[in-house]
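Chemist: Provide a 3D model corresponding to the input given below.
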Amino acid sequence: MKVMLFGTQPYDQLSFERIRKSYGFEMVYHRSHLNAKNVPLAQGADTVCVFVNDTVDAETIRGLSELGVRLIALRCAGFNNVDLQAAARCGIPVVRVPAYSPHAVAEYAVAMILSLNRKIHRAYWRTRDGNFSLHGLLGFDLYGKTAGIVGTGKIARPLIHILKGFGMQVVAYDIYPDNRYALAEGIEYVTLDELYQRADIISLHCPLTDRNRHMIDDAAIGRMKPGVILINTGRGQLIDTAALIEGLKEKRIGAAGLDVYEEEAAYFYEDTSDRIMDDDMLARLLSFNNVIVTSHQAFFTREALDNIAQVTMQNIHDFFELNKLTNKVCIETEKATV
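Modeler: Residues are numbered from 1 along each chain as shown. Below is the predicted model of the structure:
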(Lines give C-alpha, C1' and ligand atoms only; values in the text may rest on other atoms or scores of the structure.)
Protein backbone atom coordinates (compact mmCIF):
# COMPACT_ATOMS: atom_id res chain seq x y z
CA MET A 1 0.00 0.00 0.00
CA LYS A 2 1.60 3.26 -1.15
CA VAL A 3 0.73 6.54 0.58
CA MET A 4 2.04 9.73 -1.00
CA LEU A 5 2.20 12.92 1.08
CA PHE A 6 2.30 16.35 -0.55
CA GLY A 7 3.33 19.64 1.00
CA THR A 8 5.49 17.71 3.43
CA GLN A 9 7.62 19.50 5.99
CA PRO A 10 10.41 17.76 7.95
CA TYR A 11 8.26 17.59 11.08
CA ASP A 12 5.48 15.88 9.10
CA GLN A 13 7.84 13.18 7.93
CA LEU A 14 9.17 12.59 11.43
CA SER A 15 5.70 12.17 12.92
CA PHE A 16 4.53 9.78 10.19
CA GLU A 17 7.72 7.76 10.22
CA ARG A 18 7.36 7.18 13.96
CA ILE A 19 4.21 5.12 13.39
CA ARG A 20 4.66 3.88 9.81
CA LYS A 21 5.82 0.40 10.84
CA SER A 22 2.64 -0.12 12.84
CA TYR A 23 0.63 0.10 9.62
CA GLY A 24 3.07 -1.31 7.08
CA PHE A 25 2.41 1.35 4.45
CA GLU A 26 5.00 2.46 1.93
CA MET A 27 5.38 6.20 2.44
CA VAL A 28 6.55 8.72 -0.17
CA TYR A 29 7.10 12.35 0.83
CA HIS A 30 6.93 15.30 -1.58
CA ARG A 31 7.90 18.81 -0.54
CA SER A 32 5.82 20.38 -3.33
CA HIS A 33 2.14 21.17 -2.97
CA LEU A 34 -0.27 19.06 -4.98
CA ASN A 35 -1.99 20.76 -7.91
CA ALA A 36 -3.17 19.92 -11.41
CA LYS A 37 0.29 20.49 -12.91
CA ASN A 38 2.17 18.00 -10.73
CA VAL A 39 -0.47 15.27 -10.53
CA PRO A 40 1.88 12.85 -12.36
CA LEU A 41 3.95 12.72 -9.17
CA ALA A 42 1.13 10.62 -7.70
CA GLN A 43 1.79 7.79 -10.15
CA GLY A 44 1.59 4.47 -8.31
CA ALA A 45 -0.04 5.89 -5.18
CA ASP A 46 -3.08 4.24 -3.64
CA THR A 47 -3.65 7.24 -1.37
CA VAL A 48 -2.62 10.87 -1.62
CA CYS A 49 -2.30 12.73 1.68
CA VAL A 50 -2.68 16.51 1.47
CA PHE A 51 -2.66 19.58 3.71
CA VAL A 52 -4.30 23.01 3.73
CA ASN A 53 -2.32 24.60 0.89
CA ASP A 54 -2.62 21.76 -1.60
CA THR A 55 -5.03 22.45 -4.47
CA VAL A 56 -7.37 19.49 -4.85
CA ASP A 57 -9.74 20.93 -7.43
CA ALA A 58 -11.76 19.13 -10.10
CA GLU A 59 -8.88 19.01 -12.58
CA THR A 60 -6.50 17.62 -9.97
CA ILE A 61 -9.02 15.00 -8.87
CA ARG A 62 -9.63 13.86 -12.45
CA GLY A 63 -5.90 13.41 -12.83
CA LEU A 64 -5.67 11.43 -9.61
CA SER A 65 -8.56 9.22 -10.71
CA GLU A 66 -6.86 8.48 -14.02
CA LEU A 67 -3.75 7.40 -12.10
CA GLY A 68 -5.78 4.97 -10.01
CA VAL A 69 -5.66 6.88 -6.71
CA ARG A 70 -8.37 5.44 -4.48
CA LEU A 71 -8.38 7.75 -1.45
CA ILE A 72 -7.70 11.40 -0.61
CA ALA A 73 -6.59 11.72 3.01
CA LEU A 74 -6.52 15.21 4.49
CA ARG A 75 -4.13 15.60 7.41
CA CYS A 76 -6.10 18.59 8.67
CA ALA A 77 -9.64 19.45 9.72
CA GLY A 78 -10.55 21.92 6.97
CA PHE A 79 -11.55 20.71 3.52
CA ASN A 80 -12.29 23.91 1.59
CA ASN A 81 -9.37 23.15 -0.76
CA VAL A 82 -11.03 19.94 -1.97
CA ASP A 83 -13.75 19.83 -4.61
CA LEU A 84 -16.00 17.32 -2.86
CA GLN A 85 -18.43 17.07 -5.74
CA ALA A 86 -15.62 16.22 -8.17
CA ALA A 87 -14.30 13.61 -5.74
CA ALA A 88 -17.78 12.07 -5.48
CA ARG A 89 -18.13 11.96 -9.27
CA CYS A 90 -14.79 10.18 -9.54
CA GLY A 91 -15.65 7.78 -6.73
CA ILE A 92 -12.74 8.87 -4.54
CA PRO A 93 -13.62 9.17 -0.83
CA VAL A 94 -12.16 12.04 1.18
CA VAL A 95 -11.22 11.61 4.84
CA ARG A 96 -9.89 14.16 7.30
CA VAL A 97 -8.61 14.70 10.85
CA PRO A 98 -11.50 16.55 12.51
CA ALA A 99 -9.88 17.25 15.89
CA TYR A 100 -6.16 16.67 16.18
CA SER A 101 -5.68 19.08 19.07
CA PRO A 102 -8.53 21.48 19.79
CA HIS A 103 -6.69 22.68 22.89
CA ALA A 104 -3.66 23.74 20.83
CA VAL A 105 -5.70 26.08 18.63
CA ALA A 106 -7.80 27.36 21.52
CA GLU A 107 -4.71 28.17 23.58
CA TYR A 108 -3.13 29.91 20.60
CA ALA A 109 -6.20 32.10 20.14
CA VAL A 110 -5.90 33.13 23.79
CA ALA A 111 -2.20 33.89 23.28
CA MET A 112 -3.13 36.21 20.42
CA ILE A 113 -5.82 37.92 22.46
CA LEU A 114 -3.44 38.59 25.36
CA SER A 115 -0.59 39.69 23.12
CA LEU A 116 -2.73 42.17 21.19
CA ASN A 117 -4.63 43.51 24.17
CA ARG A 118 -1.57 44.00 26.37
CA LYS A 119 0.74 44.92 23.44
CA ILE A 120 3.25 42.23 24.42
CA HIS A 121 4.66 41.98 20.89
CA ARG A 122 5.37 45.72 20.87
CA ALA A 123 6.86 45.72 24.37
CA TYR A 124 9.21 42.88 23.39
CA TRP A 125 10.78 44.89 20.56
CA ARG A 126 10.84 48.14 22.55
CA THR A 127 12.80 46.79 25.50
CA ARG A 128 15.34 45.14 23.18
CA ASP A 129 16.08 48.65 21.92
CA GLY A 130 16.30 50.05 25.45
CA ASN A 131 12.87 51.68 25.34
CA PHE A 132 11.08 50.98 28.61
CA SER A 133 8.31 53.54 28.19
CA LEU A 134 4.73 52.39 28.75
CA HIS A 135 3.30 54.91 26.30
CA GLY A 136 1.04 53.21 23.77
CA LEU A 137 0.91 49.90 25.65
CA LEU A 138 -2.38 50.41 27.49
CA GLY A 139 -4.74 47.43 27.44
CA PHE A 140 -7.97 46.49 29.20
CA ASP A 141 -9.09 43.85 31.69
CA LEU A 142 -10.62 40.79 30.08
CA TYR A 143 -12.68 40.32 33.23
CA GLY A 144 -16.25 41.43 32.62
CA LYS A 145 -15.79 41.93 28.89
CA THR A 146 -17.72 40.05 26.21
CA ALA A 147 -16.23 37.53 23.80
CA GLY A 148 -18.10 36.64 20.62
CA ILE A 149 -17.38 33.14 19.32
CA VAL A 150 -18.45 32.26 15.77
CA GLY A 151 -18.87 28.49 15.56
CA THR A 152 -19.06 26.35 18.70
CA GLY A 153 -17.38 23.14 17.61
CA LYS A 154 -14.47 21.15 18.99
CA ILE A 155 -11.97 24.04 18.94
CA ALA A 156 -14.31 26.76 20.15
CA ARG A 157 -15.42 24.89 23.26
CA PRO A 158 -12.01 24.73 24.95
CA LEU A 159 -11.55 28.40 24.06
CA ILE A 160 -14.88 29.31 25.62
CA HIS A 161 -13.93 27.40 28.77
CA ILE A 162 -10.64 29.34 29.01
CA LEU A 163 -12.29 32.71 28.41
CA LYS A 164 -14.90 31.96 31.06
CA GLY A 165 -11.98 31.39 33.41
CA PHE A 166 -10.92 34.99 32.79
CA GLY A 167 -14.35 36.09 33.93
CA MET A 168 -15.56 37.00 30.44
CA GLN A 169 -19.14 36.86 29.24
CA VAL A 170 -19.47 34.73 26.11
CA VAL A 171 -21.98 35.11 23.31
CA ALA A 172 -21.87 32.67 20.42
CA TYR A 173 -23.29 32.06 16.98
CA ASP A 174 -23.78 28.71 15.29
CA ILE A 175 -26.36 27.67 12.71
CA TYR A 176 -26.91 24.58 14.83
CA PRO A 177 -26.92 25.95 18.40
CA ASP A 178 -26.42 23.40 21.15
CA ASN A 179 -28.69 24.75 23.85
CA ARG A 180 -27.80 22.00 26.31
CA TYR A 181 -24.11 22.93 25.97
CA ALA A 182 -24.93 26.63 26.31
CA LEU A 183 -26.83 26.03 29.54
CA ALA A 184 -24.04 23.88 31.00
CA GLU A 185 -21.27 26.33 30.04
CA GLY A 186 -23.19 29.50 30.83
CA ILE A 187 -23.02 31.08 27.39
CA GLU A 188 -25.69 32.69 25.22
CA TYR A 189 -26.43 31.97 21.57
CA VAL A 190 -27.31 35.12 19.64
CA THR A 191 -27.62 36.25 16.03
CA LEU A 192 -24.50 37.31 14.16
CA ASP A 193 -25.64 40.93 14.20
CA GLU A 194 -26.07 40.89 17.97
CA LEU A 195 -22.70 39.17 18.41
CA TYR A 196 -21.01 41.87 16.31
CA GLN A 197 -22.68 44.62 18.33
CA ARG A 198 -21.92 43.20 21.79
CA ALA A 199 -18.49 41.58 21.54
CA ASP A 200 -15.27 43.25 22.65
CA ILE A 201 -13.34 40.32 21.16
CA ILE A 202 -14.50 38.19 18.22
CA SER A 203 -12.91 34.83 17.42
CA LEU A 204 -13.73 32.80 14.29
CA HIS A 205 -13.97 29.00 14.55
CA CYS A 206 -16.04 27.85 11.59
CA PRO A 207 -15.05 26.00 8.43
CA LEU A 208 -14.98 27.82 5.11
CA THR A 209 -17.71 27.29 2.53
CA ASP A 210 -19.19 29.32 -0.31
CA ARG A 211 -21.87 30.48 2.12
CA ASN A 212 -19.55 32.14 4.61
CA ARG A 213 -16.64 33.25 2.41
CA HIS A 214 -15.86 36.88 3.35
CA MET A 215 -18.44 36.81 6.13
CA ILE A 216 -16.30 39.50 7.77
CA ASP A 217 -16.73 42.22 5.18
CA ASP A 218 -17.18 45.97 5.33
CA ALA A 219 -20.84 45.65 6.34
CA ALA A 220 -20.04 43.22 9.17
CA ILE A 221 -17.18 45.39 10.43
CA GLY A 222 -19.51 48.39 10.37
CA ARG A 223 -21.83 46.62 12.83
CA MET A 224 -19.05 45.72 15.26
CA LYS A 225 -18.27 47.53 18.49
CA PRO A 226 -15.59 50.19 17.80
CA GLY A 227 -12.14 48.97 18.83
CA VAL A 228 -13.04 45.26 18.69
CA ILE A 229 -10.22 42.72 18.67
CA LEU A 230 -10.67 40.24 15.81
CA ILE A 231 -9.04 36.80 15.95
CA ASN A 232 -8.96 34.31 13.08
CA THR A 233 -7.40 30.87 13.57
CA GLY A 234 -9.88 29.26 11.19
CA ARG A 235 -9.66 29.95 7.45
CA GLY A 236 -8.28 33.06 5.80
CA GLN A 237 -11.13 33.61 3.37
CA LEU A 238 -13.60 34.08 6.20
CA ILE A 239 -12.28 37.66 6.23
CA ASP A 240 -12.29 40.10 3.34
CA THR A 241 -8.74 41.40 3.74
CA ALA A 242 -9.43 44.68 1.94
CA ALA A 243 -12.33 45.38 4.30
CA LEU A 244 -10.19 44.48 7.31
CA ILE A 245 -7.48 46.89 6.21
CA GLU A 246 -10.03 49.68 5.86
CA GLY A 247 -11.45 48.81 9.28
CA LEU A 248 -7.97 49.05 10.80
CA LYS A 249 -7.20 52.33 9.05
CA GLU A 250 -10.47 53.85 10.23
CA LYS A 251 -9.89 52.57 13.81
CA ARG A 252 -13.10 50.49 13.75
CA ILE A 253 -10.96 47.41 14.36
CA GLY A 254 -8.79 47.85 17.42
CA ALA A 255 -6.48 44.93 16.66
CA ALA A 256 -6.37 41.76 14.60
CA GLY A 257 -4.70 38.42 15.23
CA LEU A 258 -4.46 36.36 12.05
CA ASP A 259 -3.03 32.88 11.95
CA VAL A 260 -4.52 32.49 8.48
CA TYR A 261 -4.70 34.69 5.40
CA GLU A 262 -6.89 34.35 2.33
CA GLU A 263 -3.92 34.22 -0.07
CA GLU A 264 -1.58 32.37 2.26
CA ALA A 265 -0.57 29.54 -0.07
CA ALA A 266 2.23 31.56 -1.69
CA TYR A 267 3.87 32.39 1.64
CA PHE A 268 2.85 30.28 4.62
CA TYR A 269 5.12 27.38 5.60
CA GLU A 270 7.89 28.82 3.40
CA ASP A 271 10.92 31.03 4.09
CA THR A 272 10.47 33.99 1.74
CA SER A 273 12.72 36.36 3.67
CA ASP A 274 15.13 36.71 0.73
CA ARG A 275 12.37 37.82 -1.67
CA ILE A 276 10.55 41.09 -2.13
CA MET A 277 6.95 40.63 -1.04
CA ASP A 278 4.67 41.13 -4.02
CA ASP A 279 1.41 40.65 -2.11
CA ASP A 280 0.35 44.22 -1.36
CA MET A 281 -2.47 43.18 0.96
CA LEU A 282 -0.22 41.03 3.15
CA ALA A 283 2.46 43.73 3.16
CA ARG A 284 -0.11 46.28 4.31
CA LEU A 285 -1.34 44.01 7.10
CA LEU A 286 2.22 43.52 8.33
CA SER A 287 2.70 47.29 8.48
CA PHE A 288 0.13 47.73 11.26
CA ASN A 289 1.53 47.63 14.79
CA ASN A 290 -1.82 46.36 16.09
CA VAL A 291 -1.88 43.31 13.81
CA ILE A 292 -0.17 39.97 14.43
CA VAL A 293 0.13 37.65 11.45
CA THR A 294 1.49 34.14 11.98
CA SER A 295 1.92 31.33 9.48
CA HIS A 296 -1.00 29.00 10.24
CA GLN A 297 0.77 27.60 13.30
CA ALA A 298 -2.03 27.50 15.87
CA PHE A 299 -2.18 23.70 15.58
CA PHE A 300 1.59 23.28 15.87
CA THR A 301 2.25 21.29 19.03
CA ARG A 302 3.91 17.92 19.57
CA GLU A 303 0.60 16.44 20.61
CA ALA A 304 -1.17 17.73 17.51
CA LEU A 305 1.45 16.38 15.10
CA ASP A 306 1.28 12.95 16.71
CA ASN A 307 -2.53 12.98 16.57
CA ILE A 308 -2.54 14.08 12.93
CA ALA A 309 -0.27 11.21 11.93
CA GLN A 310 -2.16 8.66 14.00
CA VAL A 311 -5.65 9.60 12.82
CA THR A 312 -4.56 9.96 9.20
CA MET A 313 -2.95 6.53 9.15
CA GLN A 314 -5.98 5.00 10.86
CA ASN A 315 -8.30 6.63 8.31
CA ILE A 316 -6.28 5.07 5.49
CA HIS A 317 -6.19 1.71 7.25
CA ASP A 318 -9.96 1.76 7.78
CA PHE A 319 -10.61 2.49 4.11
CA PHE A 320 -8.53 -0.36 2.77
CA GLU A 321 -9.79 -2.75 5.45
CA LEU A 322 -13.37 -1.82 4.50
CA ASN A 323 -14.07 -0.51 7.99
CA LYS A 324 -16.54 2.28 8.65
CA LEU A 325 -15.05 5.67 7.73
CA THR A 326 -15.91 7.76 10.77
CA ASN A 327 -13.94 10.74 9.44
CA LYS A 328 -15.26 10.74 5.88
CA VAL A 329 -16.06 14.19 4.46
CA CYS A 330 -19.42 14.34 2.72
CA ILE A 331 -21.06 17.15 0.79
CA GLU A 332 -23.59 17.31 3.63
CA THR A 333 -20.69 18.08 5.99
CA GLU A 334 -19.83 21.11 3.90
CA LYS A 335 -23.37 22.44 4.15
CA ALA A 336 -23.50 22.16 7.94
CA THR A 337 -21.65 25.42 8.57
CA VAL A 338 -22.18 29.08 9.27
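
Chemist: which one is E263 nearest to, not counting chain neighbours?
Modeler: When the adjacent residues along the chain are set aside, E263 lies closest to D279, with 6.1 Å between them (CB to CB, 6 or more residues apart in numbering). All C-beta spots, glycine's among them, are computed from the backbone N, C-alpha and C.

Chemist: cool, L305 as well?
Modeler: Per CB to CB, 6+ apart, closest to L305 is S15, 4.4 Å.

Chemist: which residues does that neighbour contact?
Modeler: Each residue near S15 by CB atoms under 8 Å, 6 or more residues apart in numbering is listed here: 305-306, 308-309.

Chemist: out of these, who's nearest L238?
Modeler: Set against L238, the nearest of these by CB to CB is I308 (22.1 Å).

Chemist: what's the burial count for that closest one?
Modeler: Look at I308: counted by other CB atoms under 10 Å, it has 22 neighbours.

Chemist: Surely it is in contact with Y100?
Modeler: Yes: at 4.6 Å, I308 and Y100 qualify as touching, with contact defined as CB atoms under 8 Å.

Chemist: who's sitting farthest from the centroid in this structure?
Modeler: Taking CA atoms, centre = their mean, the residue of the chain most remote from its mean C-alpha position is G130, at 36.2 Å.

Chemist: Am I right that that one is in a helix?
Modeler: No: assessed with DSSP: H, G, I helix; E, B strand; the rest coil, G130 is coil; it does not lie in a helix.

Chemist: count of neighbours near the residue lying closest to F140 once chain neighbours are set aside?
Modeler: In space, and not counting its chain neighbours, F140 is closest to N117: 6.4 Å by CB to CB, 6+ apart. Neighbours of N117 under the rule other CB under 10 Å: 20.

Chemist: What of D54?
Modeler: Neighbours around D54, by other CB under 10 Å: 25.

Chemist: which residues touch the helix ranked longest in the chain?
Modeler: Counting by DSSP state H, the longest helix found in the chain is helix 302-320. With contact meaning CB under 8 Å, 6+ apart, helix 302-320 is reached by 1, 3, 11-12, 15-16, 18-20, 22-23, 25, 46-47, 49, 70-71, 73-76, 93, 95-97, 100-101, 104, 299, 323-327.

Chemist: Narrow those residues to those that are buried.
Modeler: Neighbour-count burial (16 or more other CB atoms under 10 Å) applied to the contacts of helix 302-320 gives 3, 12, 15-16, 20, 23, 25, 46-47, 49, 70-71, 73-76, 93, 95-97, 100-101, 104, 299, 327.

Chemist: out of those, which are inside helices?
Modeler: Secondary structure from DSSP H places 12, 15-16, 20, 23, 104 of those in helices.

Chemist: and the residues you listed, which two are the farthest apart?
Modeler: Largest pairwise distance in those, by CB to CB, is 24.1 Å, between Y23 and A104.

Chemist: Can you tell me the closest non-neighbouring residue to the residue positioned nearest the centre of the chain?
Modeler: What sits nearest the mean C-alpha location of the chain, by CA atoms, centre = their mean, is G234, with 3.3 Å. Closest residue in space to G234, ignoring its immediate chain neighbours: L204 at 4.6 Å, by CB to CB, 6+ apart.

Chemist: Just the pLDDT for the one you found.
Modeler: At L204, the pLDDT value in this model is 98.

Chemist: Could you do D259 as well?
Modeler: The model's pLDDT for D259 equals 97.

Chemist: okay but it is in contact with H296, surely?
Modeler: Yes: using CB under 8 Å, D259 is in contact with H296, at 5.7 Å.
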